[in-house]
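Engineer: I would like to see how this sequence folds:
(2 chains)
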Amino acid sequence: MATENTSNFSRRGFLKASSLASGGMLIGFNLFTACKPKAEMPIDISKLNFVDFNAFIKIAENGMVTIFSPNPEIGQGVKTSMPMLIAEELNVSWKNVIVEQGVLDTNNYTRQVAGGSQSIRFGWEPLRQTGATARQMLINAAASRWGVDASDCIAKDGVITNGKGETLGYGDVVTEAASLEIPENVTLKDSKDFTIIGSDAQNVDIDKIITGKPLYGIDYKEEGMVYASVLRPPAFGQVLESFDAAAAKEITGVIDVITIGEKARKLINSEKPGWSVKLSSSDKVVVIATSTWAAFKGKKAINAVWKMDTPLEDSESHDKKLFNLLDGNDFKTLRSDGNVEKAFAKADKILERTYESPFLPHNCMEPMNFFANINDDKVKLVGPIQTPEALATAVSILLDRDLEGISVEMTRMGGGFGRRLYGDFAMEVAEIADAIRKPVKMVSSREDDMTTGVYRPSTKYRIKASIKDGEVTGYHLKEACVNGNMYGLIPNFFPAGAIENYKVDVARFKSNITTGAWRAPYTNFLSYAEQSFLDELAEFTGKDPVQMRLDLLQKVKATKDEKREYSPERLEGVINLVVEKSGYRNIKEGVYQGFCSYYCHNTHVAEVADIVMENNQPVVKKVTVAVDCGIVVNPLGAINQIEGGVVDGVGHAMYGDFKFKDGRPDSNNYGSYRLIRMSEAPKVETFFVENDLSPTGLGEPTLPPAGAAVAIAINKATGNRIYKQPFIKNMTPKDIIG
Amino acid sequence: MPTYNVTINGETRSVDADSDTPLLWALRDQLELVGTKYGCGIGQCGTCTVHVDGVATRSCLLPISAMEDKKITTIEGLSKGGDHPVQKAWKEADVPQCGYCQSGQIMTASAFLESNPKPTEEEIRSVMSGNICRCSAYNRIHKAVTIASEKIG
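Structural biologist: Prediction:
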């Protein structure tokens, strides 16, 4: 049992400290809310209590610091960068820091999430506060032991030195420090004194990754574990009518064949379905086996009959519906400044263009999988999930179990990209485990993963602008999408605030195809449409694209738009930097460049793509990126994210295609679905705008403008505009034959 | 269920599995060697790459029944302490993002450099294109292979 020292929490309840039974100090803190007054600190590391504390720092008697990192790691680097913030203020050497992934025990707090590129932005203050507070406690303990004033002591690299030159290591004073009063007003370092933040830090898991250690949900194993494979409806909207498992049961290794779906259906039809809307309401056939391979084979051997009352969906009908929406009048207006209709009526010239995108599957390299072990006392869930606390809640409702008895252990994820925000697959496993009462791991085959996904919705944009006396006077953006896409804040991104008459309208139709967030949701295609349009608008008005952008930003600076989400100065900064570094005003013969700049996920970005024509095909050679993300916490990790976002954006814009016929996707594996490969990946050169502003995220912001930069460059090379993605299927013959 | 005796990372191991079980799944489920990953099952993504008699091969396409007389190396056996020049280069370049494809990338690169220690840029890009990296850390992977070739060559 924890021994609670009542003096041992900050008055604001931000963090608590205790001594560990095994020696050392443990500090627990709540990143985003105050700790509850009655929250208890464990004295045993194995009893880490994530109910009230979502992160911990352990300082051992040998001076080693272990940071239990709160936010799930999908490859965006937060398991490395968030602890860096703590270590910086704690004044320990980064080489004496070990990072462990935090566990979720129940869900009494917010933001233990990987998504939206927000982890660093939200963690910046609280994580540094925590490190600084711990540092001060250690200093206070040393000062007390020496009988000197704390202000005479300095802490550096895990060692405290007093005015006389005497030293004590952190490990020497942890026990006393743990019982001290927690200081309230600690000072944070000036950015010029940073020694860890802003320096390169290697991925904390790199040794384990390069030697093949078990890290991912799909690697997880427990004694007595069985394997499950789920047969879901092959076409969206279908439900199971009947099935024959005789052949499946004959397969060696197949233990049983069951169905699930009743509990999920109850939830789907309830008042608060939550994620369950991403699940089919059909029954599903589940093969339980002694190995993954046997489970896969068993599933293939099931003979199932599916039925559907309404017509199966296909891409032709989707396109018709989307065009009908765009051509119609049934929109929801998200923003309206001035009067676009009046501006259009008075215009000298009008430009109107339509842009089209396909659905996109996420294709995380590690396919969907999850583990569950359920008995009457405990619900144990282990696996890759971007939203652990939401999963715990969903399962507690699904199975009618107390939240307190549910634990979620997050494994490292082989990619997230938004797919693992939705724990639909984990809910399936929970229903399976509840039925069979054995530890069970479900693995989706790639075909299952690709065909029963939660896709980036197919979307069409129509953008119309009016020109009067050489100026853009009106701008009307219309979105038509499947299920739902753009939301509240996006209409306040550029060019909102730059054009007097400005309107954003959205329309949608409901589909059985499950859709959701995909890396840089909404902006991943909106940026393409808008940047392409702005470039064409520049051509239409005889302006240089960069100058037109800068002129529009000047107009923004002159107006006072409180809703505006971006900073015109910061956009100017990245534009000027990218123009300088890409050689935009000085291009080589045979190289064609496309410029764009974009703000999303709180970060300002500008990109220039260089293409050359080889055998009359456009080849993307290089993308120059200018980024303003404030202070760059870990440059080594940051550049990896930036490059990854660019290449991912280029790849999907060029190749990503996903159509439906008879309710089924037309691709189910990499033989038919094309992902970008190394031979097609452009070089990427990154430049940061240097400033002292608080850091903003990098997991998503460089992806949206990348496809646009390439399309614009292709236009410079061929004179043709591309209005549909993927480019590879939508370039005119002239682009290819030349 | 038949039993197969396979040589993995220098050790003889016994596997009880159906004859058509891909080596990939025998490694992962029966032999507790989960470093070799599943990505597609059709030899298109490269995450399952191992060395079979020194040649980089997609283990999802190899039935266990055909593996008894082969010398198989997985990521776990590439080096004793993670100090193969390719692994060291991977650290120097800080390659991984999510990390899932990395074993396969390292196994492809290490076999490739064994047979071609001084590759050109094009050769690197061409050979490594069999391995998908969904996080698109391709430029880092390229850099690491270049560093490794400098260490080896």
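Engineer: Could you use CA atoms for every contact and neighbour count after this?
Structural biologist: Noted.
Engineer: Give the closest residue to A:Ile631 in space, chain neighbours not counted.
Structural biologist: A:Pro695 (4.9 Å; CA to CA, 6 or more residues apart in numbering or on different chains).
Engineer: got a list of what the one you found touches?
Structural biologist: The neighbours of A:Pro695, taking CA atoms under 8 Å, 6 or more residues apart in numbering or on different chains as the test, are A:Ile120, A:Arg121, A:Trp124, A:Cys629, A:Gly630, A:Ile631, A:Val632, A:Val633.
Engineer: That one and chain B: what is the separation?
Structural biologist: To chain B, A:Pro695 is 20 Å away according to CA to the nearest CA, to the nearest Å.
Engineer: how close does that residue get to A:Leu168?
Structural biologist: 34 Å (CA to CA, to the nearest Å).
Engineer: Mind giving me the packing neighbours of the strand or helix carrying A:Phe56?
Structural biologist: Assigned by DSSP states H and E, A:Phe56 belongs to strand A:55-59. Under the contact definition 3 or more CA pairs under 8 Å, 6 or more residues apart in numbering or on different chains; DSSP states H and E, strand A:55-59 sits against strand A:25-29, strand A:65-69, helix A:170-178.
Engineer: Measure how the last one sits relative to strand A:55-59, angle-wise.
Structural biologist: In terms of direction (axes from the mean of the first three to the mean of the last three CA atoms, to 10 degrees), helix A:170-178 departs from strand A:55-59 by 120 degrees.
Engineer: Report the backbone C-alpha coordinates of helix A:170-178 in CSV.
Structural biologist: What follows is helix A:170-178, C-alpha atoms only, in CSV (Å, rounded to 0.1, in the frame of the first residue of the first chain):
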residue,chain,number,x,y,z
TYR,A,170,21.0,13.0,-7.4
GLY,A,171,21.0,9.4,-6.3
ASP,A,172,22.5,10.3,-3.0
VAL,A,173,19.7,12.6,-2.1
VAL,A,174,16.6,11.0,-3.7
THR,A,175,15.3,9.5,-0.5
GLU,A,176,15.2,12.8,1.3
ALA,A,177,14.0,14.7,-1.7
ALA,A,178,11.0,12.4,-2.0
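Engineer: tell me which residues in it are buried?
Structural biologist: For helix A:170-178, a neighbour-count test (16 or more other CA atoms under 10 Å in any protein chain shown) marks A:Tyr170, A:Gly171, A:Asp172, A:Val173, A:Val174, A:Thr175, A:Glu176, A:Ala177, A:Ala178 as buried.
Engineer: how about the helices of chain B, start to end?
Structural biologist: All helices of chain B, identified by DSSP state H, fall at B:23-25, B:85-92, B:102-115, B:121-128, B:138-152.
Engineer: got the angle between the last one and helix B:85-92?
Structural biologist: Using the same axes, to 10 degrees, one finds that helix B:138-152 and helix B:85-92 are set 130 degrees apart in direction.
Engineer: Any part of helix B:138-152 near chain A?
Structural biologist: Yes - counting by CA under 8 Å from any CA of the partner chain, chain A is contacted by helix B:138-152 at B:Tyr138, B:Asn139, B:Arg140.
Engineer: just these now: which is nearest chain A?
Structural biologist: Proximity of the residues of helix B:138-152 next to chain A to chain A (CA to the nearest CA) peaks at B:Tyr138, which lies at 5.5 Å.
Engineer: just to revisit the earlier point, what is the rounded mean pLDDT of the strand holding A:Phe56?
Structural biologist: If you average the pLDDT over strand A:55-59, you get 86.
Engineer: Mind giving me the ChimeraX select for the contacts of A:Pro695, buried ones only?
Structural biologist: Entered in ChimeraX, the line below selects the buried ones among the contacts of A:Pro695, by 16+ other CA under 10 Å:
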select /A:120,121,124,629,630,631,632,633
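Engineer: Relative to chain B, how far out is the nearest residue to A:Gly383 once chain neighbours are set aside?
Structural biologist: Excluding its sequence neighbours, the residue lying closest to A:Gly383 (CA to CA, 6+ apart) is A:Gly217, at 4.3 Å. Distance, A:Gly217 to chain B, using CA to the nearest CA: 11 Å.
Engineer: picking that back up, kindly state which of the helices and strands packed on strand A:55-59 is positioned closest to chain B.
Structural biologist: With CA to the nearest CA, the closest approach to chain B among these belongs to strand A:65-69: 15.9 Å.
Engineer: I'd like to know which elements the closest one is packed against.
Structural biologist: By 3+ CA pairs under 8 Å, 6+ apart, strand A:65-69 packs against strand A:55-59, helix A:78-90, strand A:97-101.
Engineer: Can you list the strands that it pairs with?
Structural biologist: Strand pairing for strand A:65-69, using DSSP bridges, gives strand A:55-59 (antiparallel), strand A:97-101 (parallel).
Engineer: quick one: that strand to chain centroid distance?
Structural biologist: Strand A:65-69 sits 23 Å away from the centroid of its parent chain (CA atoms, centre = their mean, to the nearest Å).
Engineer: Show me the contact partners of it.
Structural biologist: The contact list for strand A:65-69 (CA under 8 Å, 6+ apart) reads A:55-59, A:79, A:82-83, A:96-102.
Engineer: between those, which is nearest A:Glu690?
Structural biologist: A:Met82 (20.3 Å; CA to CA).
Engineer: The closest one: neighbour count?
Structural biologist: Using other CA atoms under 10 Å in any protein chain shown, the number of residues around A:Met82 comes to 25.
Engineer: Can you point out the buried residues in stretch A:540-560?
Structural biologist: Neighbour-count burial for stretch A:540-560 flags A:Thr541, A:Pro545, A:Val546, A:Met548, A:Arg549, A:Leu550, A:Leu552, A:Leu553, A:Lys555, A:Val556 (criterion: 16+ other CA under 10 Å).
Engineer: Please state the offset of the helix or strand that contains A:Val556 from the chain centre?
Structural biologist: Using DSSP H and E, A:Val556 maps to helix A:545-558. In terms of CA atoms, centre = their mean, the centre of helix A:545-558 is found 31 Å from the chain centre.
Engineer: for it, packing partners?
Structural biologist: Looks like helix A:545-558 contacts helix A:523-540, helix A:568-582 (3+ CA pairs under 8 Å, 6+ apart).
Engineer: so what's residue 138 up against?
Structural biologist: All of this is about chain A. A:Tyr170, A:Val173, A:Val174, A:Ala177.
Engineer: other chain: chain B
Structural biologist: B:Tyr138 neighbours (CA under 8 Å, 6+ apart): A:Gly644, A:Arg677, A:Met678, A:Ala681.
Engineer: Check it and give its pLDDT.
Structural biologist: So, for B:Tyr138, pLDDT stands at 98.
Engineer: Poorly predicted segments of the chain, please.
Structural biologist: Picking chain A for this. Residue ranges of chain A with pLDDT under 70: A:1-13, A:31-34, A:49-54, A:69-74, A:76, A:102-117, A:732-738.
Engineer: about what we covered before: turn the buried residues of helix A:170-178 into TSV, including distance to A:Glu40.
Structural biologist: TSV is the format used below for the buried residues of helix A:170-178 (distance: CA to CA, whole Å):
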residue	distance to A:Glu40
A:Tyr170	24
A:Gly171	23
A:Asp172	25
A:Val173	22
A:Val174	19
A:Thr175	18
A:Glu176	19
A:Ala177	18
A:Ala178	14
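Engineer: What is the burial count for the residue in the stretch 251-400 of chain A positioned nearest to chain B?
Structural biologist: Chain B sits closest to A:Met365 of the stretch 251-400 of chain A, with a gap of 5.7 Å, by CA to the nearest CA. Neighbourhood size, A:Met365 [other CA under 10 Å]: 25.
Engineer: Show me what the strand or helix carrying A:Glu428 is packed up against.
Structural biologist: A:Glu428 is part of helix A:424-436 when elements are defined by DSSP H and E. Using 3+ CA pairs under 8 Å, 6+ apart as the contact test, the elements touching helix A:424-436 are strand A:254-260, helix A:262-268, strand A:369-374, helix A:388-399, strand A:440-443.
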